[in-house]
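Q: 3D, please:
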Amino acid sequence: MESSKTVLITGATGKQGGAVLDALRGHPDYPTLSIRLVVRDPAAAAKKLPKDPSLSLHTADLTSTSSLIPALTDVHTAFLVTTPSPNPDAEVTQGKAFIDAAVKAGVRYIVFTSVGAADRSTGIPHFESKRVVEKYLAESGIPHAIIRPVAFMDNFPVDGGIKRFFILGLFNAALGGKKLQLVAVRDIGIVAADAMLREDAWRGRAIELAGDEVGLSGMLDAWTAVTGTTPWVAWVPWWLLRMALPTDVYLMFKFFYERGYEADVSTLKKQYPGLQSFEDFLREKLGKKAA
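A: As a prediction, the model looks like this:
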């Protein structure tokens, strides 16, 4: 590895960017890194981020190529995650602006976290937007790696019984007894950090990332194993999903049932033995130790 390397992270105050930052700060190569964090509001970001002299905040607008170029100048490796938006075109704008700026600034390598199944036509607007960004990145000529996370374990409400009651009912109706691949955001950060620091091993690769594959019964079993209790599950008819959910979300759940993600979980666990199962995730979040 180079004696010193400047890397840049987008979304450092969010879930994925924050997980990447945590993973880099815990990595043995961390002392050799100079880390730039792209933020919109430095004062607000400084309150959320760790006090660390290795970190520098750079104000930029992810939709503006010109504002991103100064932050990306002299950067070797950049981590890109687009900010979710009700308008999928907004994510495309962010991704293209960032990639254009990276080209002009001479960035040598990009790690992009996309979404599972982005390499397949799904018709889900917020999947298709990331597919467009992937294609744009490939056409840019910048060496890169792509990580496609599946559904986030972190979206499961570990606190709040009523919310959990309805979320489990939603999964019961949508999955119809089938399993869903899941990944902990923590693990997205670990794998993305690995991709950033091992460019030779990752350049040109694209992987779908999952740590577990469970159905509703598996979720309930994991909850019981960790808490000793059995959660209630709301009865939600399938037809209600179409009426109640936004079209984007409905299409996503329809995809879960009809096609699903295709990560090779067993192989991934050999490569990254620490990938969390859903039960591992619950234990960490709830502070419970395995019996």
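Q: span of stretch 261-280 from start to end?
A: With CA to CA, to the nearest Å as the measure, the ends of stretch 261-280 fall 21 Å from one another.
Q: try stretch 197-207
A: Stretch 197-207: ends 16 Å apart by CA to CA.
Q: for the stretch 101-250 of the chain, what spans make up the helices?
A: Under the criterion DSSP state H, counting those that start in this stretch, the stretch 101-250 of the chain contains helices at 125-140, 161-175, 185-197, 199-202, 216-227, 238-244, 247-258.
Q: to S4, which of those lies closest?
A: helix 185-197 (13.2 Å; CB to CB). Every C-beta, even on glycine, is put in place using the N, C-alpha and C of the backbone.
Q: residue ranges with poor pLDDT in the stretch 151-291 of the chain?
A: Filtered on pLDDT under 70, the stretch 151-291 of the chain yields the residue ranges 288-291.
Q: bridged to the nearest residue to E262 once chain neighbours are set aside, which residues?
A: In this structure, E262 finds its nearest non-sequential neighbour in E208, 5.9 Å apart by CB to CB, 6 or more residues apart in numbering. Judged by DSSP bridges, the bridge partners of E208 are R148.
Q: ok, back up a step: ranking the helices of the stretch 101-250 of the chain by burial, who's on top?
A: helix 185-197 (a mean of 24; mean count of other CB atoms under 10 Å).
Q: how far does that one sit from the chain's center?
A: 9 Å (CA atoms, centre = their mean, to the nearest Å).
Q: who touches that helix?
A: 1, 7, 15-16, 18-24, 27, 29, 77, 79, 109, 111, 113, 145, 147, 149, 152-154, 202, 205, 207, 209, 211, 272, 274-276, 284 (CB atoms under 8 Å, 6 or more residues apart in numbering).
Q: which of those are buried? Put it as a PyMOL command.
A: Applying 16 or more other CB atoms under 10 Å to the contacts of helix 185-197 leaves a buried subset, and the PyMOL line that selects it is:
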select buried, resi 7+15+16+18+19+20+21+22+23+24+27+77+79+109+111+113+145+147+149+153+154+202+207+209+211+275+276
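Q: before we move on, the earlier item: in TSV: the helices of the stretch 101-250 of the chain, plus distance to D61.
A: Output for those, formatted as TSV (distance: least, CB to CB, whole Å):
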stretch	distance to D61
helix 125-140	17
helix 161-175	33
helix 185-197	23
helix 199-202	27
helix 216-227	39
helix 238-244	35
helix 247-258	24
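Q: please identify which of those helices is closest to L68.
A: Among these, helix 125-140 sits nearest to L68 (CB to CB), with 13.8 Å.
Q: which helices and strands sit right next to that closest one?
A: On a contact count with 3 or more CB pairs under 8 Å, 6 or more residues apart in numbering; DSSP states H and E, helix 125-140 meets helix 88-105, strand 109-113, strand 144-149, helix 247-258.
Q: then the third one to PDB, C-alphas only?
A: What follows is strand 144-149 as a C-alpha-only set of coordinates in PDB (Å, rounded to 0.1, in the frame of the first residue of the first chain):
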ATOM      1  CA  HIS A 144     -14.200   1.000  -9.900                       C
ATOM      2  CA  ALA A 145     -15.900  -1.700  -7.900                       C
ATOM      3  CA  ILE A 146     -19.600  -2.000  -7.200                       C
ATOM      4  CA  ILE A 147     -21.300  -3.400  -4.100                       C
ATOM      5  CA  ARG A 148     -25.000  -4.200  -4.400                       C
ATOM      6  CA  PRO A 149     -26.500  -4.600  -0.900                       C
END
